[in-house]
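> Let's see this in three dimensions:
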Amino acid sequence: MPQNPKDPNHPGRRVDWSHTQFETRAIRAGQDPDAEYNSVIVPIYQTSTYRHNAIGDFNGYEYSRTDNPTRTALQASVASLEGGEWGLAFSSGTAATREVATLLDPGDHILMTTDAYGGTFRLFDTVFRKYGVETSTADLSDLDAAKAAVRSNTRMIWLETPTNPAMRITDIAAMREIADGVGAMLVVDNTFATPYLQQPLALGADLVVHSSTKYLGGHSDVIGGMVVGNDETLYQQLKDLQNGAGSVPGPMDCWLTLRGIKTLALRMDRHSENGMAVAHYLQQHPKVSQVFYPGLPDHPGHDIAKRQMRSFGGMVSFRAAGGREAAMKIVESTKLIMLAESLGGVESLIEHPDTMTHASVSGTPLGVDGDVIRFSVGIENIDDLLADLGQALERA
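A predicted model of the protein is given here:
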């Protein structure tokens, strides 16, 4: 399977960065100088096809839907950061999710967390339902509820931890035991935490999924998705789907994501620092009735988050004390903080999930109450963020 590009000084040998720390691997793993010119940065191999020296004689690449050197570097990089044996890149997080769900057969059941990204539920409940795959939801942060919700035909348990947007925390290792009890695959969407803050494979996950559009890319300028794992059989199945279905990112998208990954550790430290400050500020504000942030000691999942995460990230959700109308007024009143969907960029984004990211599941078990606001806390100066947030809250 393609992993690290070859070491140009030792043809055929692959560079092993497993002995180095995360920050070093984010800059170097999968990104060694190219053999042709020793370029320090992985080149953008903007080509659709590759010349064969003769029939059957080519240098590992035939056609860029199948493989591309820039994509190979990205896949190796994210695999290394997640502690996985392999990684596969897709054209979006939704495309990555779709290909993982394609591993299932008619009659199989997906159990997913109640509080999850609405687009994931929509994909499972509309597209895959037509092909005989069942989907149900439960609060998987409650292990008793999780045990009660699994079925004899449950073949996949889909976690987000923290969840989107209520920031619930699920014990991944405990869910591994529940999955084993029914022979289910455990998949963790690690988009919110990133591999810097949490490594689900080490906790028992079979597959890790990312919308690399978010924190991995980190600059709101690229769309992409990733799947990472250790199992060779799953790799071959997903690799065949990646090639056969063709939902691959272009080389420029891969290059931009690699560019973002180099600063992932630095950014996540700042996102987490700012996220904690925002959570504390909101917790004391009279216009806020509840704050959802796993870094707060009174958060129900705080102890689990401390155990399985390095720190608590930059996503903060909260309830406006004045209800739905107040929430909508707040998100429309920020100036520095931009009203926009998506998350994980260096800039702060705020949104009203019920009418934006989760509008498609409004009124379903995955619907979000109208008084909830989701805040993707950026890396700007914290005093500027709190001042803008404060003036917006006063308008509610």
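
> May I see the buried residues of stretch 82-99?
Of all the residues in stretch 82-99, those buried under the rule 16 or more other CB atoms under 10 Å are 82-99. (Each C-beta comes from the backbone N, C-alpha and C, glycine too.)

> from those residues, which ones fall inside strands?
86-90 (DSSP state E).

> For the stretch 1-150 of the chain, which segments count as helices?
For the stretch 1-150 of the chain, applying DSSP state H, counting those that start in this stretch gives helices covering 22-28, 69-82, 93-101, 118-122, 143-149.

> quick check, distance from the last one to the centre of its chain.
Computed by CA atoms, centre = their mean, to the nearest Å, the chain-centroid distance of helix 143-149 equals 24 Å.

> On the three-state scheme, His299 is what?
Assigned with DSSP: H, G, I helix; E, B strand; the rest coil, His299 falls in the coil class.

> brain fart, Arg319
strand.

> Can you tell me the number of residues neighbouring it?
Neighbour count for Arg319, taken as other CB atoms under 10 Å: 19.

> Check Asp171 too.
Asp171: 23 neighbours (other CB under 10 Å).

> ok now do it, which residues does it touch?
141, 143, 304, 308 (CB atoms under 8 Å, 6 or more residues apart in numbering).

> One more: Asn190?
Residues near Asn190 by CB under 8 Å, 6+ apart: 82, 198, 200, 208-210.

> go on, Thr113?
Going by CB under 8 Å, 6+ apart, Thr113 touches 137-141, 158-161, 163, 168, 170.

> if we can go back for a sec, tell me the most buried of the helices of the stretch 1-150 of the chain?
Of all the helices of the stretch 1-150 of the chain, helix 69-82 has the most neighbours on average by mean count of other CB atoms under 10 Å, namely a mean of 26.

> Just the buried ones from the contacts of Asp171, in ChimeraX syntax?
Burial among the contacts of Asp171 is assessed by 16+ other CB under 10 Å; the matching ChimeraX selection reads:
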select :141,304,308
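
> can you tell me which of the contacts of Asp171 lies nearest to Asp221?
Nearest to Asp221 among those is Gln308, at 30.3 Å by CB to CB.

> Provide the contact partners of the lowest-mean-pLDDT helix or strand in the chain at residue level.
Using mean pLDDT, DSSP states H and E, helix 118-122 stands out as the lowest-scoring helix or strand of the chain, at a mean of 89. Helix 118-122 is contacted by residues 94, 97, 112, 135, 137, 158, 189, 357-361, 364, 366 when judged by CB under 8 Å, 6+ apart.

> farthest-separated two in those?
Trp158 and Ala359 (20.8 Å).

> Can you pick out the residue with more neighbours from the two?
Each of Trp158 and Ala359 has its neighbours counted (other CB under 10 Å); Trp158 has more, 26 against 14.

> what's that one in contact with, if anything?
110-113, 116, 120, 124, 187, 189.

> ok, which pair from those is furthest apart?
Across these, the longest distance by CB to CB is 13.8 Å; it joins Leu111 and Asp189.

> Just give the closest residue to Ser333, not the sequence neighbours.
Nearest non-adjacent residue to Ser333, counting by CB to CB, 6 or more residues apart in numbering: Ala392, 4.0 Å away.

> ditto for Ala340
Nearest residue to Ala340, sequence neighbours excluded (CB to CB, 6+ apart): Leu349, at 4.7 Å.

> Report the beta-bridge partners for that neighbour.
Note on Leu349: beta-bridge partners Met338, Ser376, judged by DSSP bridges.

> what's around it, how many residues?
Residues near Leu349, counting by other CB under 10 Å: 21.

> same deal with Tyr281?
Here the count is done by other CB under 10 Å, and Tyr281 has 18 residues near it.

> Also Gly322?
Residues near Gly322, counting by other CB under 10 Å, number 17.

> hang on, it packs against Ala396?
Yes - Gly322 is within contact range of Ala396, at 5.2 Å (criterion: CB atoms under 8 Å).

> what do the two both touch?
Shared contacts of Gly322 and Ala396 (CB under 8 Å, 6+ apart): 287, 329.
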